[in-house]
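# below are the sequence and a predicted model; questions follow.
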2 protein chains.
Amino acid sequence: MTAPLHDGRPSGPGRSLPDTQQGMRRRNLSRVMHAVGSEGPLSRAAVASRIGLTRAAVSSLVDELIRWGLLEELGPERPGRVGRPGSALAVSGRGPAGIGAEIGVDHLAVCAVDLRGTLRARAVRHGVNRGRAPGPVIAELTELVHQVVAAADGEGLWPAGLAVAVPGLVARDGRTVVRAPNLDWHDTDLGALLPGGIPLSVDNEANFGALAELWLGTGTPHDFLHVSAEIGIGAAVVVDGQLLRGRRGFAGELGHVPVHPDGPACACGGRGCLEQYAGEEAVLRAAGLEPREEDRVGLLADRAEKGDEAVRQALRDAGTALGIALTGAVNLLDPETVVLGGALAALSPWLLPSLEAELTGRTTGPACPVTVSGLGSEGPLLGAAHSVVRTVLDDPAAVAERL
Amino acid sequence: MTAPLHDGRPSGPGRSLPDTQQGMRRRNLSRVMHAVGSEGPLSRAAVASRIGLTRAAVSSLVDELIRWGLLEELGPERPGRVGRPGSALAVSGRGPAGIGAEIGVDHLAVCAVDLRGTLRARAVRHGVNRGRAPGPVIAELTELVHQVVAAADGEGLWPAGLAVAVPGLVARDGRTVVRAPNLDWHDTDLGALLPGGIPLSVDNEANFGALAELWLGTGTPHDFLHVSAEIGIGAAVVVDGQLLRGRRGFAGELGHVPVHPDGPACACGGRGCLEQYAGEEAVLRAAGLEPREEDRVGLLADRAEKGDEAVRQALRDAGTALGIALTGAVNLLDPETVVLGGALAALSPWLLPSLEAELTGRTTGPACPVTVSGLGSEGPLLGAAHSVVRTVLDDPAAVAERL
């Protein structure tokens, strides 16, 4: 296993590179990649004006990026423009790819995304993972990784990194799952179990979901609170386009914010935590349904859709509890918006009215707006793959060293 | 009024400067100032090894900083070291100074701090400001600023900036007090009222208190939650050595985190907010005391010290409420530590046991440690003055342009 290239933290364009001539060049290589990636195809002149460097400086950077196979020339721009026609540049659809993986409670998924952000390969395996030991689960995941890497290889792509989303708390080393209660995994070093040779990062699914929202969502601001749910309630705090991780990497535990401090005991050691009111099992129980190993969210959405009043009331109450916990979070963080993702997105029609009533009723002035993610349950997997792609865009020279 | 030099946000060494040759030089000038400021006196060679540049590069930077009067040479280092004796460098005790000011509910204070971090002048005026219009209060504060600037001038110091701590919410423009309930000020533009000519920044007292803790506290980590109280309960979130401000600049409103969601109505529009249980007025009421315009914290501490059981019980209950709200905050932010500052520091002997019991009881594994600030009520004023000093250290070239 090589040292991790990426720790799951998106840096800005080469933000952590040393402040030397060489560091400056590396940052500027990154600026070119980001400019072409987000606004391309662009001519060299357009890149120069976007990033505030001279055309000569940009040409030298572009030449290097083309030599490394990270940018490609599309040929002369269409005529009719003023001046000598420039050749349009695009990010390469070959070369390094981000491999994303997700360990879900009831599925495993792996995908490959190229530097353009296009999904190029995908493999999924359904089956309950709860209570299984990490070894066999990771062996299956590794199989899927090999499948996806082989498929990507067939299209001229090689894995620049592997990022794995897990439903649990991950240490700041970016490889150890400290606690994944819904898998019953504790202190599991995925770095020792996954295939070597590909730089690895492991992160909480809520974090990757939030990053997906930040990078792929439409109009998502740079300061938001992303709330999602699979079995528990997870959240991720994005500040100024960066994940807030906390000292141990455990930030975003919205599910254990006390809602009714004298309420029912919670596995976390607390009482009356949000999860006791808005977690999937709590909602199923409140609706009089048996928590089984099936598509619980689909079941709830289906029943609510059909007008099942017990389910609707359970979801209304969950929305109220979410609204109380989010009032505290909004007071602490003053985010631009709250985004409901994952299972909460699918259930939002029945959660939102009571949730927003609490937020508005407990606030002077305009309440923080709540939006629903368009990525839904795909967020964590896509966020994982894109986190690797961002690593390449953030420091293309580091990838070139591995060519 | 000149444009604000400083928006209250501490940048790292020149963090926001452009990535050009000139920007790189400005960042390196900042690195030299920070190295000498935090570890000096240092020789040029020692600076070079601290910041990872060549001696030649450092000599050129140092010469410029000496020419600007920001560094000074102390003469040859003591003999007995190997090699040619180098001249030790220190940050200058003359030149630019940070002027800090505080608008308290019952006092006004202004101070001057030099680039070495030494307090050089101070003026205080006691008297209740609650309910007074901003105009007369700011006129009095301006008088104090003039006194302190005159005293500093007598010592060869000139004001590089004026930073004002206020007990209220400040807009991200760094000059408008949006809401200061304990002064009854709303949407008050202090920039229009304060003397022109000195770059101005206005910020919430809890933010400046937290920055003081970050910069001056002993062993304060770079990720912590600072909780303070004057009349309300304020908090500030420091992440990776930076204040988390929020979209509108309102982050840190711990006082309005719901503790008992069906509890008493709060002025914020909510119910059962922390302030209803742990704010000064709530504690005085619970202890059977009349809230008067006197030293309320002193009164509570004095009575608790003497064994007044009603006061002790009121403080225990306040500690419990703080513990519930902090459990939520710690779950969301995963800080390295919680620091009690301001009035809470003085009352900590009676608050801490019940506060820590809640935090520990509601957590699996080790609870987040809670420490007590040694700066107490001086924090916001010192934080304000030091924020100006940091601005100079962060971009010395910008100050040189004003020489």
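Structure's in. What do you need?

# what sits against the residue lying closest to residue A:268 once chain neighbours are set aside?
Spatial nearest neighbour of residue A:268, excluding adjacent residues (C-beta to C-beta, 6 or more residues apart in numbering or on different chains): residue A:256 at 4.7 Å. Using the backbone N, CA and C atoms, a C-beta is placed for each residue, glycine as well. Shown in contact with residue A:256 (C-beta atoms under 8 Å, 6 or more residues apart in numbering or on different chains): A:266, A:268, A:270, A:273, A:274, A:275, B:327, B:331, B:362.

# please redo it, this time with the cut-off set to 6 Å
For residue A:256, the contact set (C-beta atoms under 6 Å, 6 or more residues apart in numbering or on different chains) comprises A:268, A:270, A:273, B:331.

# top of these by neighbour count?
residue A:273 (34 neighbours; other C-beta atoms under 10 Å in any protein chain shown).

# what does the stretch 301-403 of chain A put close to chain B?
Contact residues, the stretch 301-403 of chain A versus chain B (C-beta under 6 Å from any C-beta of the partner chain): A:324, A:327, A:328, A:329, A:331, A:332, A:333, A:334, A:336, A:362, A:363, A:364.

# could I get the buried residue list for the one helix or strand the first one maps to?
Assessed by DSSP states H and E, residue A:324 sits inside helix A:309-333. For helix A:309-333, the neighbour count (16 or more other C-beta atoms under 10 Å in any protein chain shown) marks A:311-312, A:314-333 as buried.

# okay, now the domains of chain A?
Here the domain parsing of chain A from automatic domain parsing is A:21-91, A:95-210+A:380-400, A:218-374.

# what would these look like in CSV with mean pLDDT?
Shown next, in CSV, are the domains of chain A (pLDDT from 0 to 100):
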stretch, mean pLDDT
domain A:21-91, 86
domain A:95-210+A:380-400, 93
domain A:218-374, 91
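
# so which of those is nearest residue B:379?
domain A:218-374 (19.8 Å; C-beta to C-beta).

# show me which residues of chain A sit near chain B.
A:19, A:24, A:27, A:223, A:239, A:244, A:246-248, A:250-251, A:253, A:256-258, A:261, A:268-270, A:324, A:327-329, A:331-334, A:336, A:362-364.

# I'd like to know which of the residues you listed are part of helices.
Members of the residues of chain A next to chain B lying in helices (criterion: DSSP state H): A:24, A:27, A:324, A:327, A:328, A:329, A:331, A:332, A:333.

# what's the closest of those residues to residue B:75?
Using C-beta to C-beta, those come closest to residue B:75 at residue A:24, 36.1 Å.

# you'd agree residue A:229 is up against residue A:342?
Yes - using C-beta atoms under 6 Å, residue A:229 makes contact with residue A:342 at a distance of 5.5 Å.

# what about whichever residue of the stretch 251-400 of chain A sits closest to chain B, how many residues close to it?
When scored by C-beta to the nearest C-beta, the stretch 251-400 of chain A has residue A:334 as its residue closest to chain B, at 2.4 Å. Neighbour count of residue A:334, defined by other C-beta under 10 Å: 22.

# ok, now the one 3 residues further on?
Neighbours of residue A:337 under the rule other C-beta under 10 Å: 17.

# ok, it touching residue A:369?
Yes - if you go by C-beta under 6 Å, residue A:337 and residue A:369 touch, sitting 5.0 Å apart.

# what distance do you get for the closest residue in space to residue A:175 that isn't next to it in sequence to chain B?
Excluding the flanking residues, the one nearest residue A:175 by C-beta to C-beta, 6+ apart is residue A:191, at 3.7 Å. According to C-beta to the nearest C-beta, to the nearest Å, residue A:191 stands 22 Å off from chain B.

# report the secondary structure state of residue A:191.
Secondary structure, DSSP: H, G, I helix; E, B strand; the rest coil: residue A:191 is helix.

# how near is it to residue A:402?
Counting by C-beta to C-beta, to the nearest Å, the separation of residue A:191 from residue A:402 is 18 Å.

# who has more neighbours out of those two?
residue A:191 (17 against 11).

# from what I see, that one and residue A:176 are in contact.
No - taking contacts as C-beta under 6 Å, residue A:191 lies outside contact range of residue A:176: 7.5 Å.

# quick one: buried residues of stretch A:219-231?
For stretch A:219-231, by 16+ other C-beta under 10 Å, it's A:220, A:221, A:223, A:224, A:225, A:226, A:227, A:228, A:229, A:230, A:231.

# from those, which land in helices?
Short answer: the buried residues of stretch A:219-231 have none in helices (DSSP H).

# distance to residue A:62 for those - can I get that in a markdown table?
Listed next are the buried residues of stretch A:219-231 as a markdown table, based on distance: C-beta to C-beta, whole Å:
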| residue | distance to residue A:62 |
| --- | --- |
| A:220 | 30 |
| A:221 | 31 |
| A:223 | 33 |
| A:224 | 34 |
| A:225 | 39 |
| A:226 | 35 |
| A:227 | 41 |
| A:228 | 39 |
| A:229 | 45 |
| A:230 | 43 |
| A:231 | 48 |
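
# so which of those comes closest to residue A:214?
Checking these one by one against residue A:214 (C-beta to C-beta), the nearest turns out to be residue A:220, at 5.7 Å.

# after the helix holding residue A:324, next one along is what?
strand A:337-340.

# now do the phi/psi pair for the residue of the stretch 51-200 of chain A found nearest chain B.
Residue of the stretch 51-200 of chain A nearest chain B, by C-beta to the nearest C-beta: residue A:52 (7.5 Å). In this entry, residue A:52 is assigned phi and psi values of phi 80, psi 30 (degrees, to the nearest 10).

# now the helices for the stretch 51-200 of chain A?
A:55-67, A:134-153, A:190-193 (DSSP state H, counting those that start in this stretch).

# what residues sit buried inside the first one?
Within helix A:55-67, the residues that qualify as buried are A:57, A:58, A:61, A:62, A:64, A:65, counting by 16+ other C-beta under 10 Å.

# report all helices and strands that that helix contacts.
helix A:21-39, helix A:44-51 (3 or more C-beta pairs under 6 Å, 6 or more residues apart in numbering or on different chains; DSSP states H and E).

# and with 10 Å instead?
Counting contacts by 3 or more C-beta pairs under 10 Å, 6 or more residues apart in numbering or on different chains; DSSP states H and E, helix A:55-67 is packed against helix A:21-39, helix A:44-51, strand A:71-76, strand A:87-91, helix A:396-400.
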